[in-house]
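**Student:** Quick check, what structure comes out for this input:
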Amino acid sequence: MSVSVLTLVRGRRAHIVNLIAGLNASTRKPDELVIAYMQDTPHADLPATDFPVRTVFVEGDEMPLAAARNRAAATAIGEQLIFLDVDCVPSPTLVARYAETAGWPGGIRLGEVLYLPAGAIDGAIDIDALDRIGVRHPAKPPIAIDEVRPTPSHGELWGLSFALSAADWARAGGMDERYVGYGGEETDFAARLERAGIQMWWIGGARAYHQHHVVHTPAYQHFDAIVRNARLFRATWGRWCMDYWLGQFAERGLIAWDADTITVLRGPTAGEVAASRMPPETLFS
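**Tutor:** Here you go, the predicted model:
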């Protein structure tokens, strides 16, 4: 069974270098890596691989995340698609575990992700060290290395690392390209998967390591996109998504928000955006 790894890139050259290094160290190499660039030119001098690396370019000043995933999937030749965020370094067994579980349990499979502190990777990747210092997101469950666990809700979809067949991707309809910028497109895709009857599972042994980047709380830098995409999701599915961010915006007087509508009262100031930048030791937004 052929396996394609797909990732989206804007900037983050050091991160994609480490992602490729992780794939090079995999016990089961992918049959290709597809990089969807949300920028005009590819990164130069990326590490050599013994599997093909193909690129596709997706235009858009705001992050066209849904469109980029769709272009990457359309470009991929693999029967199985592994979507791996550019911030993630795959463990040596990630590709193998996603491939092994393609027949059973099948469906869409989620891998564990540990968050790394700033400066965790400096040169060669030491997986044992990453296992020691990586931190599990408090909202995500611990998974034994050989475990396969059904998820209680499709809302658990985690865009950092997941795998599914190209056939199931097509059956769900891919991602809705009306979502532009940060937020909403993954939750919408989860609803599409549920509507298509595609089951979701946590897969042990498909661990990845999230490379550090600065986070903002609240996510003021994405204010316009979050509001726009939340309204789109509400119009599509009859409920809200990104409640966490919307709640923070409402608490701080930026929006009025009820069961049916969002009214923007004001946008965040430049000072508020700057103040929302968290210190380097903050791992989660």
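
**Student:** going forward, measure contacts between C-alpha atoms and count neighbours the same way
**Tutor:** OK.

**Student:** P279 contacts H212, correct?
**Tutor:** No - counting by CA atoms under 8 Å, H212 is not a contact partner of P279; they are 11.5 Å apart.

**Student:** So which of the two has more stuff around it?
**Tutor:** Neighbours were counted for P279 and for H212 using other CA atoms under 10 Å; H212 has more, 21 against 10.

**Student:** and the more buried one, backbone torsions?
**Tutor:** Main-chain torsions, H212, degrees, to the nearest 10: phi -70, psi 140.

**Student:** which helix of the protein spans the most residues?
**Tutor:** The residue-count maximum for a helix in the chain (DSSP state H) belongs to helix 223-237.

**Student:** for it, what is the average pLDDT?
**Tutor:** For helix 223-237, mean pLDDT rounds to 98.

**Student:** what does stretch 200-211 give?
**Tutor:** Mean pLDDT, stretch 200-211: 98.

**Student:** Name the surrounding residues that touch that stretch.
**Tutor:** Here stretch 200-211 makes contact (CA atoms under 8 Å, 6 or more residues apart in numbering) with 15, 87-91, 93-98, 105, 107-118, 120-121, 130, 134, 143-151, 154, 161.

**Student:** Narrow these to those that are buried.
**Tutor:** For these, a burial check counting by 16 or more other CA atoms under 10 Å picks out 15, 87-91, 93-98, 105, 107-117, 120-121, 130, 134, 143, 148-149, 154, 161.

**Student:** What strand or helix carries V95?
**Tutor:** According to DSSP states H and E, V95 maps onto helix 94-100.

**Student:** Hmm, I typed the wrong one, I wanted V273.
**Tutor:** Judged by DSSP H and E, V273 forms part of helix 270-275.

**Student:** Identify each buried residue in that helix, please.
**Tutor:** Counting neighbours by 16+ other CA under 10 Å, helix 270-275 gives V273 as buried.

**Student:** which other residues reach that helix?
**Tutor:** With contact meaning CA under 8 Å, 6+ apart, helix 270-275 is reached by Y220, Q221.

**Student:** Run the chain-centre distance for it.
**Tutor:** Put simply, helix 270-275 sits 26 Å off its chain's centre (CA atoms, centre = their mean, to the nearest Å).

**Student:** same check, this time on stretch 50-58
**Tutor:** 18 Å.

**Student:** quick one: buried residues of that stretch?
**Tutor:** Buried residues in stretch 50-58, counting neighbours by 16+ other CA under 10 Å, are found at V53, T55, V56, F57, V58.

**Student:** correct me, but the last one touches M38?
**Tutor:** Yes - at 5.1 Å, V58 and M38 qualify as touching, with contact defined as CA under 8 Å.

**Student:** and for those two, which residues touch both?
**Tutor:** Taking CA under 8 Å, 6+ apart as the criterion, V58 and M38 both touch P64, A68.

**Student:** so where do the strands sit in the stretch 101-250 of the chain?
**Tutor:** Secondary structure of the stretch 101-250 of the chain, counting by DSSP state E, counting those that start in this stretch: strands at 108-115, 135-136, 148-150, 161-165, 200-210.

**Student:** closest to T27 out of those?
**Tutor:** Closest of the strands of the stretch 101-250 of the chain to T27 is strand 200-210, at 11.7 Å (criterion: CA to CA).

**Student:** Residues in contact with the helix or strand hosting A66: which ones?
**Tutor:** Using DSSP H and E, A66 maps to helix 65-75. For helix 65-75, contacts defined as CA under 8 Å, 6+ apart pick out 6-8, 34-38, 56-58, 81, 166, 174-182, 185.

**Student:** pretty sure A250 contacts W257?
**Tutor:** Yes - A250 is within contact range of W257, at 6.5 Å (criterion: CA under 8 Å).

**Student:** picking that back up, adding distance to R28, write the strands of the stretch 101-250 of the chain out as CSV.
**Tutor:** Output for those, formatted as CSV (distance: least, CA to CA, whole Å):
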stretch, distance to R28
strand 108-115, 16
strand 135-136, 25
strand 148-150, 19
strand 161-165, 15
strand 200-210, 12
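
**Student:** Minimum distance to R239: which of those has it?
**Tutor:** strand 200-210 (21.0 Å).

**Student:** can you give me the angle that closest one makes with strand 161-165?
**Tutor:** Angle, strand 200-210 to strand 161-165, by axes from the mean of the first three to the mean of the last three CA atoms, to 10 degrees: 140 degrees.

**Student:** Mind listing the strands strand 200-210 pairs with, and their directions?
**Tutor:** Strand 200-210 pairs in its sheet with strand 88-90 (antiparallel), strand 108-115 (parallel), strand 148-150 (antiparallel), by DSSP bridges.
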